[in-house]
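Visitor: Provided below are the primary sequence and the corresponding predicted coordinates.
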Amino acid sequence: MIEIKKLHKSYPIGKDSLHVLKGIDLHIKEGEFVSIMGSSGSGKSTLLNIVGLLDEHDEGEYYLNGQLIDNLNEKKAAILRNKFLGFVFQSFNLISYKTALENVALPLYYKGMARKERLKIAMDYLDKVELKDWANHLPNELSGGQKQRVAIARALVTQPKVVLADEPTGALDSTTTDNVMDLLRDINNEGMTVFVITHEEEVAEQTKRIVRLKDGVIISDELTNINSKAV
Amino acid sequence: MFDLDRWREIFQSISKNKLRSVMSGFTVAFAILLFTLLFGVVNGLSNTFKDVFSDDAANIMSVRVWKTSKPFKGLQTGRRIQLKNKDFNFVKEEYDSKIQHLTARVNRNVNISYKTKQDNYSLQAVHPDHQFLEKTIIEEGRYINDRDLKERAKVIVIGRLVKEDLFGEKPAIGKRINVSGISYQVIGVFSDEGGDNEERKTFMPVSTAQMIYGNNDNLSQIVIGYNPDLSLDEAIAFGNKMERDLRKKLDIHPDDQSALSIQNMAEANKGVGSFVIALYFIVIFIGSGTLIAGIIGISNIMIFVIKERTKEFGIRKALGAQPSSIVGIVVQESVLITTIAGYLGLSLGTFILSAIDDGLEDYFIKDPSVSPGIVIGATITLILSGLIAAYVPAKRAARIKPIVALRAD
């Protein structure tokens, strides 16, 4: 599903440049539940941004769903994101003046789906995250855990190939963290590839494969107990 | 292309962000309002000027004579100058191509009576062309014609108020009235837009007056309606040349202003024309200043709005929004606000101007209004600027990488 070979990325800082990713090789198959662990500055967010087509890599090769990602313009990137990827962010990133239902339906608007149909599908996904009764509430009327569940519903609504979650529990307390991780695991159990970035050991332990990143290189890549249990 | 979903997005964004929508709308509405009022008031001023000069034909020049103030060719100062028929004929033959209408005038005050009623009125003995130069409107009967002139007919055309004084509601045409002891037949009744004084006048053939009052060929004045095809400058040159020629002919010192002068409306018109043009220049200057201020106002608000929405655009992009769709919603929203606000400002301005109507006539502002062309032009300018004001920053916002936009707060 995601195949990365010798990926490099550096950011210019003044006259110098900061080498963030120093040759990453990573292969994530369909249906995997992977977490990228690392402290801040390890390059994990950069990796997710590149995987999510929100940023471009400098060197190396990146295949998404078998397609080589190279020299994308904004328009093509937007189409690919809409088609293959669902995002869950640490700060939820819901649009504040739209209701939960409208937020979930927004990716379908960019897919070009008719309003009636997309609202119906969005409602199904809100139901899936147990927020059907909150459909017409604005984000600021929801708790942190509810917001993140709306965001997850929004990530799923287009039936993407991969869900990318960037510190999805970073702004949540431990109970809601567990709820959100349970939800992500349920999604994964239904066959969705889920790619989580975190710096919390407890969160990473709930995924099936942990890739540890330090200073732009992968230092370990191992399956967790959950995985072995499941197998 | 009409996209209902796009419009829904825009209306949602406007209604959820009322303050900024109202603010940007207000700037535009106010600019258009000021522009409309300013233009209307100046149009009112210019209407007043046009009105003041509309009584008589605008292409008039009149020759008048007094006493000499400078000795010339052995002739003494203080000599009285008299215009005569030969001077009239000289003007007629010499400048035929440059003249549209030509009349002489002999002015007198007369006592007119009909049956028991009588009063003093001013009499002008004229040529038939006088009708066009004074813009005399014949209400009943006819004006003086060439045959009257040739036959020295004892006929008279009287003003509307003279007719009312002497005849009341009864018909006047064909009746004979007594003018300073001599009987004349009323052949016409006229009105004049110049006001009551003009309608207390009477006209008779110049030849008749010359025969009856002194049996000479004296004229008080020569009035010329120059060819309207002449430009103002050509008309002024014509007046100056005629003034020189007549001075020569009447043995007047070339610089003797008090012996003979030609009052040329072309000169006055040129003055008024340049004054009005100057006014319009000022208005266009101030008006475009107002519009530019409005445009800068929109641009500022749009830059702020787009900055505020950068994160939202980042989210939208992450969800699959293409750059063109980001630019589209911003521009469409801006143009919508500008159009509605521009229209409101325009309607308010037009409403105020029509409410003023003739209320400010004492301040020389008559019927202030703006022509639809100018108004539409100003609105299109604003809509276009709303478009540009939104397009430039929106384009930039759409180019920001989603990762950068998402980080914004």
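Guide: Here it is on my side, so go on.
Visitor: Please name the residues that touch A:Ala135.
Guide: A:99-101, A:123, A:126 (CB atoms under 8 Å, 6 or more residues apart in numbering or on different chains). Quick note: C-beta positions are derived from backbone N, CA and C, even for glycine.
Visitor: What are the boundaries of the strands in the chain?
Guide: All of this refers to chain A. A:2-13, A:16-28, A:33-37, A:59-64, A:67-68, A:85-88, A:162-166, A:193-198, A:209-214, A:217-223 (DSSP state E).
Visitor: My question was about chain B, not that one.
Guide: Shown for chain B, the strands assigned by DSSP E span residues B:60-65, B:83-84, B:99-114, B:117-126, B:137-141, B:155-159, B:176-179, B:182-191, B:201-205, B:218-219, B:221-226, B:260-264.
Visitor: packing partners for the fifth one?
Guide: Meaning strand B:137-141. Strand B:137-141 sits against strand B:182-191, with contacts defined as 3 or more CB pairs under 8 Å, 6 or more residues apart in numbering or on different chains; DSSP states H and E.
Visitor: now the strand it packs on: mean pLDDT?
Guide: Here strand B:182-191 scores 91 as its mean pLDDT.
Visitor: What about the residue of the stretch 201-350 of chain B found nearest chain A, how many residues nearby?
Guide: Nearest residue of the stretch 201-350 of chain B to chain A (CB to the nearest CB) works out as B:Gly320 at 2.5 Å. Burial measure for B:Gly320: 25 neighbouring residues, criterion other CB atoms under 10 Å in any protein chain shown.
Visitor: so what's the residue in chain A that chain B sits nearest to closest to, chain neighbours aside?
Guide: Taking CB to the nearest CB, chain B has its nearest neighbour within chain A at A:Asn82, 2.5 Å off. Once flanking residues are discounted, A:Asn82 sits nearest to B:Gly320: 2.5 Å by CB to CB, 6 or more residues apart in numbering or on different chains.
Visitor: what sits against that neighbour?
Guide: By CB under 8 Å, 6+ apart, the contact set of B:Gly320 is A:78-79, A:81-83, A:107, A:110-111, A:158.
Visitor: For B:Thr116, give its distance to B:Gly289.
Guide: Separation of B:Thr116 from B:Gly289 (CB to CB, to the nearest Å): 68 Å.
Visitor: which of those two has more neighbours?
Guide: Per other CB under 10 Å, whichever of B:Thr116 and B:Gly289 has more neighbours is B:Gly289, with 13 against 6.
Visitor: Compute the distance between that one and B:Ile296, please.
Guide: Distance, B:Gly289 to B:Ile296, using CB to CB: 10 Å.
Visitor: Tell me, how many residues neighbour residue 141?
Guide: Went with chain A since none was named. Using other CB under 10 Å, A:Glu141 has 12 neighbouring residues.
Visitor: Please refer instead to chain B.
Guide: Neighbour tally, B:Gly141, other CB under 10 Å: 17.
Visitor: Could you verify my assumption that it touches B:Lys175?
Guide: No: if you go by CB atoms under 8 Å, B:Gly141 and B:Lys175 don't touch, sitting 10.7 Å apart.
Visitor: Next, show the common contact partners of the two.
Guide: In contact with both B:Gly141 and B:Lys175: B:Val186, using CB under 8 Å, 6+ apart.
Visitor: Quick check: bridge partners of the closest residue to B:Arg142 other than its chain neighbours?
Guide: Nearest residue to B:Arg142, sequence neighbours excluded (CB to CB, 6+ apart): B:Gly188, at 5.0 Å. Beta bridges link B:Gly188 to B:Gly141, B:Val157, judged by DSSP bridges.
Visitor: Summarise which helices and strands the longest helix that chain A contains is packed against.
Guide: Using DSSP state H to define each element, chain A has its longest helix at helix A:174-189. For helix A:174-189, the elements it packs on are strand A:33-37, helix A:144-156, strand A:162-166, strand A:193-198, helix A:201-205, judged by 3+ CB pairs under 8 Å, 6+ apart.
Visitor: Is it possible to get a markdown table of these that adds mean neighbour count, mean pLDDT and distance to B:Val63?
Guide: Formatted as a markdown table, these follow (neighbours: other CB atoms under 10 Å in any protein chain shown; pLDDT from 0 to 100; distance: least, CB to CB, whole Å):
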| stretch | mean neighbour count | mean pLDDT | distance to B:Val63 |
| --- | --- | --- | --- |
| strand A:33-37 | 25 | 92 | 104 |
| helix A:144-156 | 25 | 92 | 91 |
| strand A:162-166 | 24 | 92 | 96 |
| strand A:193-198 | 25 | 92 | 100 |
| helix A:201-205 | 16 | 89 | 107 |
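Visitor: With distance to chain B added, can I get the ones you listed in JSON lines?
Guide: As requested, these are exported to JSON lines (distance: least, CB to the nearest CB, whole Å):
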{"stretch": "strand A:33-37", "distance to chain B": "16"}
{"stretch": "helix A:144-156", "distance to chain B": "7"}
{"stretch": "strand A:162-166", "distance to chain B": "9"}
{"stretch": "strand A:193-198", "distance to chain B": "13"}
{"stretch": "helix A:201-205", "distance to chain B": "21"}
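Visitor: could you redo these as JSON lines and give each row distance to B:Asp251?
Guide: Listed next are the helices and strands packed on helix A:174-189 as JSON lines, based on distance: least, CB to CB, whole Å:
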{"stretch": "strand A:33-37", "distance to B:Asp251": "114"}
{"stretch": "helix A:144-156", "distance to B:Asp251": "104"}
{"stretch": "strand A:162-166", "distance to B:Asp251": "107"}
{"stretch": "strand A:193-198", "distance to B:Asp251": "111"}
{"stretch": "helix A:201-205", "distance to B:Asp251": "118"}
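Visitor: need the residues of the stretch 301-409 of chain B near chain A, please.
Guide: Counting by CB under 8 Å from any CB of the partner chain, the residues of the stretch 301-409 of chain B close to chain A are B:311-312, B:314-325, B:398-399, B:401-403, B:406.
Visitor: Buried ones among those residues?
Guide: Among these, those classed as buried by 16 or more other CB atoms under 10 Å in any protein chain shown are B:311-312, B:314-323, B:325, B:398, B:401-403, B:406.
Visitor: and the residue most central in space within chain A, bridged to which residues?
Guide: Centroid-nearest residue in chain A, with CA atoms, centre = their mean: A:Leu164, separated by 1.3 Å. A:Leu164 has these beta-bridge partners by DSSP bridges: A:Phe87, A:Phe195.
Visitor: Show the contacting residues for it.
Guide: So A:Leu164 contacts A:48, A:51-52, A:85-88, A:155, A:195, A:197 (CB under 8 Å, 6+ apart).
Visitor: List just the nearest of the residues you listed to B:Ser220.
Guide: Using CB to CB, A:Phe87 is the member of the contacts of A:Leu164 that sits closest to B:Ser220, with 97.6 Å.
Visitor: didn't that closest one look like it was pressed against A:Asn49?
Guide: No: if you go by CB under 8 Å, A:Phe87 and A:Asn49 don't touch, sitting 10.3 Å apart.
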